[in-house]
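Asks: Structure for the following, please:
(2 chains)
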Amino acid sequence: MSKSEQSKAKAPLLEVKGLETSFSIEGKDYNAVDGVSFTVDRGKVVGIVGESGCGKSVMSLSVMQLLPKGIGKIRNGEVLFDGEEIQSFNEKQMNQIRGKDMAMIFQEPMTSLNPVFTIGYQIEEVLHNHFKLSKKEARNKSVQLLSAVGIPRAAKIVDEYPHQLSGGMRQRVMIAMAIACQPKLLIADEPTTALDVTVQAQILELLKDIQTKNDMGIVLITHDLGVVAESCDEVIVMYAGKIVEKTDVESLFTKPKHPYTKLMMGSIPRLEEDTEKLETIKGIVPSLTKMPQVGCRFANRCPKAMPECTEITPQLEENEQGHEVACLLYETSHPKEGVLG
Amino acid sequence: MLKYALRRILGMIPMLLLISIVAFFLALAMPGDSFSGEIDPNNTDPEYIEEMREKLGYNDPIHEQYFRWVSNFVQGDFGKSTKYQIPVKDLILQRLPNTVMLGVMAMFFTYIFAFSMGIYAGRHPHTKMDHFIGGFNYFLLAIPSYIAGVFAIYFFSFQLGWVPFSGSVDIAVESGTLDYWLSRFYHALMPSLILGALGTATYTQFLRNDIIDNSQKDYVRTARAKGTADSKIYNSHILRNSIIPIVTFLGFDIVQIVNGALITEAIFTYPGLGQLFLTSVNAQDYPTLMTLFVMFSFLVLLGNLIADLLYGIVDPRIRVD
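Replies: Just a heads-up that it's a prediction; the model follows:
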């Protein structure tokens, strides 16, 4: 093993450092993801939670460099994949790793497949993109993949068109496509949101199965804490483009620290309690153009907000072993002496 | 699909019947008849004209005339042209190849121009070249074909002498030789370019907008996530989807070609069906006029049928059976 390979093996699978992704709205750039850092280790499932508009999807599209062209761009920060800085890769270089080493599953299985091509064609495409295979080999492989993701009559389905399949089936096809080249990293952007509950469980089970089989790292983006509890090793809670809490799944559920996380836990309906009203978090995420630049972004909705919350920007720091939080309720989040927040 | 096509063709019968009635009464509604303007009433015995009218059946009750015409028509007897004094069938068969050639060439030009410009503009929207293509197309669209035709004849035939300005073939060449076909192609070049340019603007802008639309679809993002090259995404994934609405135009296109040919053929004195139609209107040549009318209407129905069948082929979500 050469030296660079050694360092590669030691480096985490995915390392995001200070990522800032901006969207241009009426000629001005606004950060949808604002200084996000995290790592994903090989074979680990990292959940990213937060409500709509908190920057989860933009963050994952930034990693894949799939931001809508001309509107979204990475402004700052580094994305290291397998020890390589990929944020400066050009389209051609990205195409060599997209689909092969890192793959993605999207939220909308209904529209994510091309309606005019057969299922087989669309799976074979990713194989042809990255391997030299004959038509027949690619076809056999795609039938195998379809059976692997639990599609019955795979040999028949391979010649069918997306509109002939149900939402759950299509999401399975998307998964088959994503795992076709045995990627090291899979980003699943709300893979179960558009599906009904029973199918949700099946899809999550399937993802877990594949993950253990292929020793794949997964970034699971969701707004469903139930999904997080079931399938993640580590959890990142995002709010308005920033990480507010980062820890392993157990401590998140046993001792959540950030008021936002606590409120989210409170809004999960519980079977054993007979409550009239479901707890909600009042208000909405501030829009991109009206984002407060100083102070805590959750302050205006936070029941525990203090006067300084709008003046001092809390820092994401380790509060307990392996448990990071960005909230002024904790001493660790106050800016260090001499550093302006 | 065969069953569907057959059903559609059977469905055309009542439509054609209606068309035949319209064709017949429109012709009847025209002032005068085939004698007006053709025979000098001052030098001809009015009794002779009346006798001829009687002989040609112009004095029979209208419904009798109609049924005579329709029953002959469905048996393939379209009557005899009063102007050219030959069977309408022969007359049409003489002119048909010219119009088919003109139409096919015009469509070919439309597709070549529209696809090259539309694909480019759709892939590079809001660039200078896109604006140029858009402007150029609206300019083309704004010029009526009779103006464009006249200008083209003036510049390319009279001033530059590149192309002939009338006819469909050089009289000096022998029929069937390579020179003959080249000459025909050469004569059809200018009118087909003008005719083809007619449809180009609509096609180009439609294709451009559809490509832009499709490039924002989720499936494009999926293809990118698979590591598919941009050129393949545009030329295969997107184009395959953008062709669907274009195909439906094909039906209307046949109509447009026929319509356009009326004017273009007249300007270039190109002996095709369009020109024949105009002369038969002027000469009140009822048998020719009505046959062409029914034929053009039939082409419209056929064009729509072809478009519907093609729809089922290019879009897997629509399977006709």
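Asks: Where does pLDDT dip in the stretch 101-250 of chain B?
Replies: Along the stretch 101-250 of chain B, no part satisfies pLDDT under 70.
Asks: which bits of the stretch 101-250 of chain B sit near chain A?
Replies: Counting by C-beta under 8 Å from any C-beta of the partner chain, the residues of the stretch 101-250 of chain B lying close to chain A are B:216-219, B:221-230, B:237, B:240-241, B:244. (Each C-beta comes from the backbone N, C-alpha and C, glycine too.)
Asks: Quick one, which of the residues you listed are buried?
Replies: Buried subset of those (neighbour count, 16 or more other C-beta atoms under 10 Å in any protein chain shown): B:217-219, B:221-228, B:230, B:237, B:240-241, B:244.
Asks: State the pair within those residues that is farthest apart.
Replies: The span of those, defined through C-beta to C-beta, is set by B:Gly227 and B:Ile244 at 26.0 Å.
Asks: Sort out for me which of the buried ones among the residues of the stretch 101-250 of chain B next to chain A are in helices.
Replies: B:218-219, B:221-225, B:230, B:240-241, B:244 (DSSP state H).
Asks: how about the residues of the stretch 51-200 of chain A near chain B?
Replies: Proximity of the stretch 51-200 of chain A to chain B, by C-beta under 8 Å from any C-beta, involves residues A:64, A:66, A:68, A:91-92, A:94-100, A:103-104, A:106, A:108, A:111-118, A:125-126, A:129-130, A:161, A:163, A:174, A:177-178.
Asks: Check which helices and strands the strand or helix carrying B:Trp181 sits against.
Replies: Using DSSP states H and E, B:Trp181 sits in helix B:178-215. Counting contacts by 3 or more C-beta pairs under 8 Å, 6 or more residues apart in numbering or on different chains; DSSP states H and E, helix B:178-215 packs against helix B:88-123, helix B:128-142, helix B:145-152, helix B:239-267.
Asks: could you pull out the strands for chain A?
Replies: In chain order, chain A shows strands spanning A:14-25, A:28-40, A:45-49, A:72-81, A:84-85, A:102-105, A:185-189, A:217-222, A:234-239, A:242-248, A:317-320, A:323-325, with DSSP state E as the criterion.
Asks: Pick the most buried one from those.
Replies: Across those, averaging neighbours per residue (mean count of other C-beta atoms under 10 Å in any protein chain shown) puts strand A:102-105 on top, at a mean of 28.
Asks: what does that one contact?
Replies: Residues outside strand A:102-105 that contact it (C-beta atoms under 8 Å, 6 or more residues apart in numbering or on different chains): A:14, A:60, A:63-64, A:66, A:81, A:171, A:174-175, A:177-181, A:183-189, A:191, B:225-226.
Asks: list the contacts for the residue nearest the centre of chain A?
Replies: Centroid-nearest residue in chain A, with C-alpha atoms, centre = their mean: A:Ile221, separated by 3.5 Å. A:Ile221 makes contact with A:47-48, A:56-57, A:59-60, A:187-190, according to C-beta under 8 Å, 6+ apart.
Asks: From B:Met117, how far off is it?
Replies: 41 Å (C-beta to C-beta, to the nearest Å).
Asks: what about A:Val58, neighbour count?
Replies: Neighbour count of A:Val58, defined by other C-beta atoms under 10 Å in any protein chain shown: 22.
Asks: Can you tell me the closest non-neighbouring residue to it?
Replies: Closest residue to A:Val58 apart from its sequence neighbours, by C-beta to C-beta, 6 or more residues apart in numbering or on different chains: A:Ala32 at 4.5 Å.
Asks: now swap in A:Glu308 and tell me
Replies: Closest residue to A:Glu308 apart from its sequence neighbours, by C-beta to C-beta, 6+ apart: A:Leu328 at 6.2 Å.
Asks: Show the pLDDT at the one you found.
Replies: Note for A:Leu328: predicted pLDDT of 92.
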